[in-house]
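J.: Got a predicted structure plus its sequence, pasted below:
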Amino acid sequence: MSSQPPELGPDRRGPDFAPPGNGGAGADPYRQPPYGFGYQNQSTPGFGGHPNAGSGGPQYPQRPHPQRPHPQRPPQPQGPKKDRRPAIITAALIGVVVLIVVIASIHAVHGDQQAAREQASPTPTPQPSALPSDGPNSISFTSSEGSGRLTLVSHDWTTTGAEPPRYGQFLQLELKISASDGRVSYGPEFFQTFDETGNLFQTTEVGAKPPLLADGVLHSGQTVTGDIAFDMPRGAVTLLMSNSLLESVTALRITD
């Protein structure tokens, strides 16, 4: 065994060994030199620069670097879509309220105008005629139907009738009705009487004597005569005449 160190032998090896240049025909240009202390990789970026840098060293082909894919941003979460239906419904309700207020205001204005017109020109209420009469038992009258005259031809108190009287006696009246203008409605249902205490009595056929007053309408120049009767206590009486419009036409005072 030789005592000479290995690095001083004919085959020089060690960390300071550098491969020869392109001096041999059989040199492998793709062979990587062994890595060791003091060796600088000239083909890797960041470890000595460009692979062709340096002097006298082998030139190695540059391998392409794979391209790194660009990181894709994850999709950003979208906020919830706003529902416009509540706003539309609110606007519709406001429109309805405004329309109701406008209609109510119009009706109120028309009602006030109508009330003002009625107050300015009130409808006349027919009153018993104040025209002078021909005597104590005759009176002229005027109503919305027409004008005429009511005459009490005769009157009588009796207890004789188809049935006995219930309230005292039968007051039998013979009446004459004439029309001078327009039309005059007549009939037993258009007459009532009041006694001295203010009680109201309707006509009855039980104590009436013929000819009975019929129902009808008189025109200008026409006259009708007939009898009516009342079951009531004997005494002073007020005879009230009305028409088909339920208007009080006139009244006559009948003394006992």
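T.: Alright, I've got the coordinates. Residues are numbered from 1 along each chain as shown.
J.: May I see the buried residues of the strand or helix carrying Leu239?
T.: Assigned by DSSP states H and E, Leu239 falls within strand 237-242. Counting neighbours by 16 or more other C-beta atoms under 10 Å, one finds that the buried residues in strand 237-242 are 237, 239-242. (Each C-beta comes from the backbone N, C-alpha and C, glycine too.)
J.: In contact with Lys176, which residues?
T.: Counting by C-beta atoms under 8 Å, 6 or more residues apart in numbering, Lys176 touches 150-151, 153, 223-225.
J.: Show me the one in these that has more neighbours than the rest.
T.: Ranked by neighbour count (other C-beta atoms under 10 Å), the contacts of Lys176 have Leu150 at the top, with 25 neighbours.
J.: Doesn't that one lie inside a strand?
T.: Yes: judged by DSSP: H, G, I helix; E, B strand; the rest coil, Leu150 forms part of a strand.
J.: Identify the bridge partners of it.
T.: Ile139, Ile177 (DSSP bridges).
J.: so how far is Arg166 from it?
T.: Going from Leu150 to Arg166 by C-beta to C-beta, to the nearest Å gives 27 Å.
J.: now do Phe194
T.: Counting by C-beta to C-beta, the gap from Phe194 to Arg166 is 18 Å.
J.: Just want to know which of these two has more residues nearby.
T.: Each of Phe194 and Arg166 has its neighbours counted (other C-beta under 10 Å); Phe194 has more, 16 against 9.
J.: where does the more buried one land on pLDDT?
T.: Listed pLDDT for Phe194 reads 94.
J.: ok, now Asp181?
T.: The predicted local confidence for Asp181 is 95.
J.: what does Pro58 give?
T.: 54.
J.: Tell me the strands beside the helix or strand harbouring Thr250, with direction?
T.: Using DSSP H and E, the element containing Thr250 is strand 248-254. Strand pairing for strand 248-254, determined by DSSP bridges: strand 237-242 (antiparallel).
J.: Could you check how far the closest residue to Leu239 other than its chain neighbours is from Asn137?
T.: Distances taken as C-beta to C-beta, 6 or more residues apart in numbering place Leu252 nearest to Leu239, at 4.5 Å, with adjacent residues excluded. Distance, Leu252 to Asn137, using C-beta to C-beta: 7 Å.
J.: who has more neighbours, those two?
T.: For Leu252 versus Asn137, neighbours defined as other C-beta under 10 Å are more numerous around Leu252 (22 against 18).
J.: thinking that one is in contact with Leu150, fair?
T.: Yes: using C-beta atoms under 8 Å, Leu252 is in contact with Leu150, at 6.6 Å.
J.: Find the residues that touch each one of the two.
T.: The contact lists of Leu252 and Leu150 share 139, 241, where a contact means C-beta under 8 Å, 6+ apart.
J.: residue ranges with poor pLDDT in the stretch 101-250 of the chain?
T.: For the stretch 101-250 of the chain, the stretches with pLDDT under 70 are 101-135.
J.: Now do the strands in it.
T.: In the stretch 101-250 of the chain, the strands defined using DSSP state E, counting those that start in this stretch lie at 138-142, 146-158, 169-186, 191-194, 200-202, 216-219, 223-232, 237-242, 248-254.
J.: Redo the ones you listed as a markdown table? Include distance to Ala91.
T.: Below are the strands of the stretch 101-250 of the chain laid out as a markdown table (distance: least, C-beta to C-beta, whole Å):
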| stretch | distance to Ala91 |
| --- | --- |
| strand 138-142 | 62 |
| strand 146-158 | 62 |
| strand 169-186 | 61 |
| strand 191-194 | 64 |
| strand 200-202 | 63 |
| strand 216-219 | 63 |
| strand 223-232 | 72 |
| strand 237-242 | 60 |
| strand 248-254 | 59 |
